[in-house]
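> Sequence plus predicted model, see below.
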Amino acid sequence: MQFTKGHGTGNDFVIIPDPDGGLTLTPALVAGLCDRRFGVGADGVLRVIRSAAHPDAARYAPDAEWFMDYWNADGSVAEMCGNGARVFVRYLLATGLTDGPELPVATRAGLVRARVDRGEISVRMRRPRLSEGAVARVGGRDFAGTAVEVGNPHLVCPVPPDVRLDDLDLTRAPGFAAARFPAGVNVEFVEPVGSPSGSPEPVAAAGPVGAAGPVGAAATDAHVRMRVYERGSAETLSCGTGACAVAAVALRERGRETGTVTVDVPGGRLTVTIEEAACWLAGPAVLVAAGEVNPTALPR
Ligand SMILES: N[C@@H](CCC[C@H](N)C(=O)O)C(=O)O
């Protein structure tokens, strides 16, 4: 089985080309591929399949030639993956399966549109929908947050000033009310950059680094840091949809509904631009290796 390995700000994926849908992808196979000791190792799998070859793709976005069949590391499927969509497009372009600079991609959350922009890849997704408050529990402490839907579910929790973001123990899943999130939830913890809790202002905080959004924004309206515990994948170095959820909350805290937010994640920097009717996620998307994996040698 051919594979390519790629990442977007350290959120890494095993990419499996299956243009005509000949492959049977199972939860066990996905979990084996993502195993960091006994498999290739990744936060998730991106199957590259033509929409016409996937039984469900047409109902999500009938007009896109390619369907991003995204799976979490534990073998569950998710509606959307923002970094995955950017890496998926990088793969399509690198292998000549499509040409840019703009293209539609079908996902379980509907159509997204990608754009190559000065070496970065941006995806246009739905606008995050903020709903009521909810609570995440870490290390015996409750963190109040906001539920946000970005095609997939998120819970964004600002970290209070007496807690250091880096000190949170995310080796285990944060607790949350299962009745509120019956399908599980991705939990983001966020603090402003330069916050009193001790995180230093990074160099070039509001400069053009990573600010390659669709409007060419050189300065951003807010600058935050986040960590994330992903449903189905544990703590990851980055989460694109999570960054969009965090950006929406950061803008609301500033009394705004639209704007551009710089989001620092453990694996790098993303830029999120929220418009009236859409949300753009921009950042690097890199392919690092390609090879062949023996599925029968993977853990089951
Ligand atoms: N890392 C992704 C999100 C992947 C899906 C998520 N774990 C879920 O189950 O919803 C991103 O970049 O958005």
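Noted; the coordinates are in hand.
> distance between the worst-scoring helix or strand of the chain on mean pLDDT and the chain's centre?
When each helix and strand of the chain is scored by mean pLDDT, DSSP states H and E, helix 57-60 comes last, with a mean of 88. In terms of Cα atoms, centre = their mean, to the nearest Å, the centre of helix 57-60 is found 21 Å from the chain centre.
> So which elements touch it?
strand 66-72, strand 102-107 (3 or more Cβ pairs under 8 Å, 6 or more residues apart in numbering; DSSP states H and E). The way it works is simple: take the backbone N, C-alpha and C, and place the C-beta from them, glycine included.
> Put together TSV for the ones you listed, with mean pLDDT and mean neighbour count on each row.
Formatted as TSV, the helices and strands packed on helix 57-60 follow (pLDDT from 0 to 100; neighbours: other Cβ atoms under 10 Å):
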stretch	mean pLDDT	mean neighbour count
strand 66-72	98	25
strand 102-107	95	21
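> Quick one: closest of the ones you listed to the ligand.
For the helices and strands packed on helix 57-60, the distance to the ligand is smallest for strand 66-72, at 5.0 Å, taking Cβ to the nearest ligand atom.
> what element comes up after the closest one heading to the C-terminus?
helix 82-94 (DSSP states H and E).
> is that next one up against the ligand anywhere?
Yes - interface with the ligand: helix 82-94 contributes 82-84 (Cβ under 6 Å from any ligand atom).
> would a markdown table of the residues you listed with pLDDT and neighbour count be doable?
Converted to a markdown table, the residues of helix 82-94 next to the ligand look like this (pLDDT from 0 to 100; neighbours: other Cβ under 10 Å):
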| residue | pLDDT | neighbour count |
| --- | --- | --- |
| 82 | 98 | 30 |
| 83 | 98 | 35 |
| 84 | 98 | 32 |
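> got the contact list for the closest residue to residue 277 other than its chain neighbours?
Spatially, and ignoring its direct neighbours in sequence, residue 277 is nearest to residue 127 (6.3 Å; Cβ to Cβ, 6 or more residues apart in numbering). Applying Cβ atoms under 8 Å, 6 or more residues apart in numbering to residue 127 gives the contacts 248, 274-279.
> Quick check: residues of the protein near the ligand?
11, 72, 78, 81-84, 152, 186, 230-233, 236, 239-241.
> related to what we said a few turns ago, the residue nearest to residue 277: what secondary structure?
coil (DSSP: H, G, I helix; E, B strand; the rest coil).
> Use 38 as the first number for this chain going forward.
Let's use 38 as the start, then, which means that last one is residue 164.
> Can you tell me how far it is from residue 309?
The span separating residue 164 from residue 309 equals 11 Å under the rule Cβ to Cβ, to the nearest Å.
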